[in-house]
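1. Sequence and predicted model, in that order:
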Amino acid sequence: MFPLPYAQPWALILYALFALELALLAGGLAFGRLNAEQTCRLPRPLRVLLSALLLLAAFLGWQAGARGTPVQIYASLIFLGMSAGFLGDLIMARLIPVPERVVFGMITFGLGHLFYLGAFLHVALRSGWAQPEVLALTLAGMLGLCGWLWYAHIRQPGGSRVLNMGSLLYGLLVGAMAALAIMLACRDSHYLSLAAGTLLFWVSDLVLGNWVIRGRVWKSVNDVVWATYVSGQLLIVYSVAAALNAWR
């Protein structure tokens, strides 16, 4: 991922955004006060700001860094994926009113994962790495793990069929995204940070599903969700630089 292969002042701005994202996250976790439910130290305005900064970094990585390069399509899809993530964060934060917050959140984030999948497939196909047998084995292993984790830790016995089935489909989609990123990383070490980002995103959704759908609440659970989510999205957004470095 590093160094950032962008012209100045954009490289400096994106370095600053990366550091600011981590500083705000760490500061909120260290100095924030637990809410009444004992689930979160990060206040809602800070969570929205963290997501907005990620969206800004994705936009700059696309327009100021990758435009006119071999990875501009990849960068545009990453930006669209982060845009869907930002919209999903607004929905989950109740800043955009919808009838079923969790269902609409899954739909919006699912759209973002589809954009990410498109980006990863674009790299794999353009690089000639899309070996069907390798992809099939990686997908089978990851989807099998996702299915078991859903059954054991997310599915709510006797609960809403819409939420249960929706969370299963969503979990399989996240697993497919992570599997493809892992395949890219196995072919080129430049994408190791991308694979790590997708896995952190996957962990975040697993914890969130266990909390929101299964109903298991524990102290600072939402902080764990946000720490892994922000870290994962940050690595995915900055994978545009990794892709540029890989093409050099």
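-> Perfect, thanks for sending it. Predicted model only: the values in this text are computed from it and were never measured.

2. Only C-alpha atoms from now on, for both contacts and neighbour counts.
-> Fine.

3. Who are the contact partners of Ala57?
-> 14, 17, 237-238 (C-alpha atoms under 8 Å, 6 or more residues apart in numbering).

4. which of the residues you listed are buried?
-> 14, 17, 237-238 (16 or more other C-alpha atoms under 10 Å).

5. quick one: contacts of the lowest-mean-pLDDT helix or strand in the chain?
-> Least confident helix or strand of the chain, by mean pLDDT, DSSP states H and E, is helix 132-149 with a mean of 88. Helix 132-149 has contacts (C-alpha under 8 Å, 6+ apart) with 168, 171-172, 175-176, 178-180, 183.

6. ok, now with 6 Å
-> With C-alpha atoms under 6 Å, 6 or more residues apart in numbering as the test, helix 132-149 has contacts from 172, 175-176, 179.

7. And for stretch 106-113?
-> 81, 84-85, 88.

8. can you check stretch 200-211 too?
-> The contact list for stretch 200-211 (C-alpha under 6 Å, 6+ apart) reads 153-154, 217, 225, 228-229, 232.

9. Quick one: distance of that stretch to the chain centre.
-> Relative to its parent chain, stretch 200-211 has a centroid offset of 11 Å by C-alpha atoms, centre = their mean, to the nearest Å.

10. ok, of the contacts of helix 132-149, which one's closest to Thr69?
-> Ala179 (25.9 Å; C-alpha to C-alpha).

11. how close does the closest one sit to Leu22?
-> Look at Ala179 and Leu22: by C-alpha to C-alpha, to the nearest Å, they are 26 Å apart.

12. same thing with Leu180?
-> Separation of Leu180 from Leu22 (C-alpha to C-alpha): 26 Å.

13. Mind checking which of these two has more residues around it?
-> Taking neighbours as other C-alpha atoms under 10 Å, Leu180 and Leu22 compare with Leu180 leading, 25 against 16.

14. Just give the nearest non-adjacent residue to that one, would you?
-> The shortest distance from Leu180 to any non-neighbouring residue, by C-alpha to C-alpha, 6 or more residues apart in numbering, is to Phe120 (6.7 Å).

15. so the one you found is in which element?
-> Using DSSP states H and E, the element containing Phe120 is helix 101-127.

16. who touches Ser231 in this structure?
-> The contact partners of Ser231, by C-alpha under 6 Å, 6+ apart, come to none.

17. switch the cut-off to 7 Å
-> Ser231 sits next to 197, 200 when contact means C-alpha atoms under 7 Å, 6 or more residues apart in numbering.

18. One more: the one 5 residues further on?
-> Taking C-alpha under 7 Å, 6+ apart as the criterion, Ile236 is in contact with 194, 197-198.

19. most surrounded residue in the contacts of helix 132-149?
-> Gly175 (27 neighbours).
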